[in-house]
Structures are given as structure tokens and as C-alpha cells.
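Engineer: return a 3D structure for these sequence lines:
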Amino acid sequence: MEHVIFNIFMKAISPFYKKINRQTVKEDCISTYTIEKRKLKSSLKGAADTLSKCFIDWGIENKVSSITVNASYNDVYIRRLREDFALRKRLSIGGKFFYVRCCAHILNFLVQDDHCQLGGVIDVVREGIKYLNNSEYRLLEFPKIKKQLQLPSRKLLLDCPTRWNNTYLMLASGLEFKNIFPRYADIDPGFHYVPTDFEWMKVEEVCKFLGIFHEITDMIFGSEYPTANIFLVELYRIKELLNEKALDLFYHIRVMAGSMSAKFDKYWGESNVLLSLGAILDPRYKMFLINHAFPVIYGEDAAPRFVAEIRDILYELYNEYVDCHIVFHSEQQQRQVVKMKQNEGSSSSSKK
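Structural biologist: Got it, this is the predicted structure:
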């Protein structure tokens, strides 16, 4: 925008054009961002009122026990909703599991950006695949080498850089065909995308690590009915894997595991109550899974306190159910008594 030719061009097409510098553009962008952020916060406050109205219109205002969200910017209207429900005394066990983080979102957040420990090898593999895909001739030559090496007929996959699972699949496919990269470079001088043996070794270790996360993510996203009882087992598997990889021989794996473990500890605390209760109510697990998983998730010293907390919440939920059951049946009996008296009155009137 500060180039002479650009400014001459803009002046020619718009007589009212005024030259601006990069600092002015930067300040305008920040100002616009601040204004839109303020508008978003205001709209989220309105979203809470809209959701409350919807619950009433649908007749479910007394049946909402928890809400699952997938991002922290929803905290504003979730807090408003919790306050509204609390004022009406319609939250189960005081709203202790009203706000639940989306488990799939937590998994994505754990892994996203942590594969940067691979350094430039991701860019090398990505650019190599782009180079091959940009020419019909290259796409024909690559399978010839693949056939010579008697490798599977699967294709190289190009990732979407903002989605870690796509990056994992790209690296896994590249790893499968790693012997083709140097052979293709021999016949194409323009192909400069050949990772070293050490870089491929790092890719292999990371793929082994991320393969577990990919499997669990597939299970959650791929299931049409992901019920609450399945999540605690998988989260336990993740924490156990992170604890194991924190002691890995490879430095980049230890760093990845440490960063992911810190995120896990931060977000698990906001979802543990409902997921724990879901597992307990599964007759295969009951409290056995809690007693087994919590020492791994929280550590041996802190686990008894959290186990006791979950047990107390379970009893509180049961007692609340009993109280509701008693109230409902007493009201039902009162209605039946009133109805019987009305029937007796009408029958005696008819006899007269």
C-alpha cells in the first residue's frame, strides 16, 4: 500500500483516494477488532435471554440439567443461563454439572499446535505432496516407483494445516512412502522435499503417539450415539498415555506430552463430574472405574479426595431424585383423593 505504483493506480481509479501507511492500517484493524469484540459480548448476553425464552417456549425449562459448549467465549451466556436457572431453583444438585466442556473439542485442543515439535519436516512433507499433485506427469511417475518398491496402492494425502488429525493422516501416508521421496528426487531435479532419516524417525514416533488420539477422536465423532459412559474410559487412556510419554526417550515427545498434559489438567476439571457420573451409572463400571482411573488422572495423593467428592455428588443426586419421586407421588395421591371425593359427591347427587 506504500508502493508508488499502487498509489498511482488507486488515485487513478478513485479521485478521493488518500495514501495511508501500514501503521494506520494496523491501528484501524485493532480498533475494528475491539469494537466487534464488544458487540460480540453484548450479543452473547442477549443469547442467554434468547435461549431461556426457547426453553420456556418448548416447555423444557424444568428439564435442562447440563449444557455442553465447545469454546471459552461461550462462558458469558453460560454464566447468565446458570444464574437464571439458579434463581428459579431449577438446577439439579445446585448446577454442579450444568456447564460441560465438549469432549471432542478438548481432544482437538490438546493436540492442536503441539506437533510443531517436528519442526520443518511437516512443511517439507506438505510441500512435497503439493509439488507432486500440481502435475499430471509427476502423479504418473510417483506410482511407478511405488509399484517398483511393491508398496500399497494408497494415495498421498494433503492436510488442512488448521486440523491436527488431517496433518497426522498426511504424515502417516508420507511415512508409508518415505522410500519413494529420495528415488523421485533422483529423476526430478526440481523435487527438493526429501526429509532426512532422523526427521522420518521423529515423524514415526509422533505418528505412533498421535495415532491413539486419532483413534479416540474417530470413536467420538464417528459414533451416532456417543453416550456419556464411554468418555471416562477414553480420557483415562489419554492421561495414561501422556504420563507414559512424559518419560519417553525422545525429547520432542516429552515436550509434546508435557504441553498436552498441562492442557488436559486444565480442562478436565470442568467436565469430570458429568463424565464420572455417566461412567458410574454404567453397570459394567460403577465405582470400580473411578477408583482405578482417578489415581492416574489426579495422582495417588489427590485421588481419594476427588473420589469422595464424586461419591458425595452421586448420593446428592440420588437423594434429590428420591425427594422428587416422593413429592410427585404425594401430589398424585392428593389428586386421586380429590377425584374420588368428586366422584362420590356426584354419585350421591344423582341418587337424590
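
Engineer: ok, which stretches of the stretch 251-352 of the chain are helices?
Structural biologist: When assigned using DSSP state H, counting those that start in this stretch, the helices of the stretch 251-352 of the chain occupy the ranges 251-268, 272-280, 286-298, 303-351.

Engineer: average model confidence for the last one?
Structural biologist: Mean pLDDT, computed over helix 303-351, is 78.

Engineer: would you list every one of the strands in the stretch 51-200 of the chain?
Structural biologist: 67-69, 99-101 (DSSP state E, counting those that start in this stretch).

Engineer: circling back to that earlier point, can you say which of the helices of the stretch 251-352 of the chain is packed in most?
Structural biologist: Mean neighbour count, computed with mean count of other Cβ atoms under 10 Å, is highest for helix 272-280 among the helices of the stretch 251-352 of the chain, reaching a mean of 22. C-beta here means a position set from N, CA and C on the backbone, and glycine is covered the same way.

Engineer: can you give me the buried ones in the helix or strand harbouring Met201?
Structural biologist: Secondary structure assigned from DSSP states H and E places Met201 in helix 197-222. Neighbour-count burial for helix 197-222, counted by 16 or more other Cβ atoms under 10 Å, picks out 199-200, 202-203, 205-207, 209-210, 212-214, 216-217.

Engineer: okay, among these, which ones form the most distant pair?
Structural biologist: In these, the most distant members under the criterion Cβ to Cβ are Glu199 and Ile216, with 26.6 Å between them.

Engineer: what about the residue most central in space within the chain, distance to Ala185?
Structural biologist: Using Cα atoms, centre = their mean, the residue of the chain that lies closest to the mean C-alpha position is His105, 0.7 Å off. Noted for His105: a distance of 40 Å to Ala185, by Cβ to Cβ, to the nearest Å.

Engineer: ditto for Leu149
Structural biologist: Counting by Cβ to Cβ, the separation of Leu149 from Ala185 is 15 Å.

Engineer: can you check Asp57 too?
Structural biologist: 65 Å.

Engineer: and these two? Which one has more around it.
Structural biologist: Here Asp57 and Ala185 are set side by side on neighbour count (other Cβ atoms under 10 Å), and the busier one is Ala185, at 15 against 9.

Engineer: which residues touch the more buried one?
Structural biologist: Contact criterion Cβ atoms under 8 Å, 6 or more residues apart in numbering gives 191-194 as the residues in contact with Ala185.

Engineer: can you measure across stretch 8-27, start residue to end residue?
Structural biologist: Terminal residues of stretch 8-27 are spaced 24 Å apart (Cα to Cα, to the nearest Å).

Engineer: before we move on, back to that, so which elements touch the helix holding Met201?
Structural biologist: Judged by 3 or more Cβ pairs under 8 Å, 6 or more residues apart in numbering; DSSP states H and E, helix 197-222 is in contact with helix 103-111, helix 121-133, helix 164-176, helix 231-245, helix 251-268.
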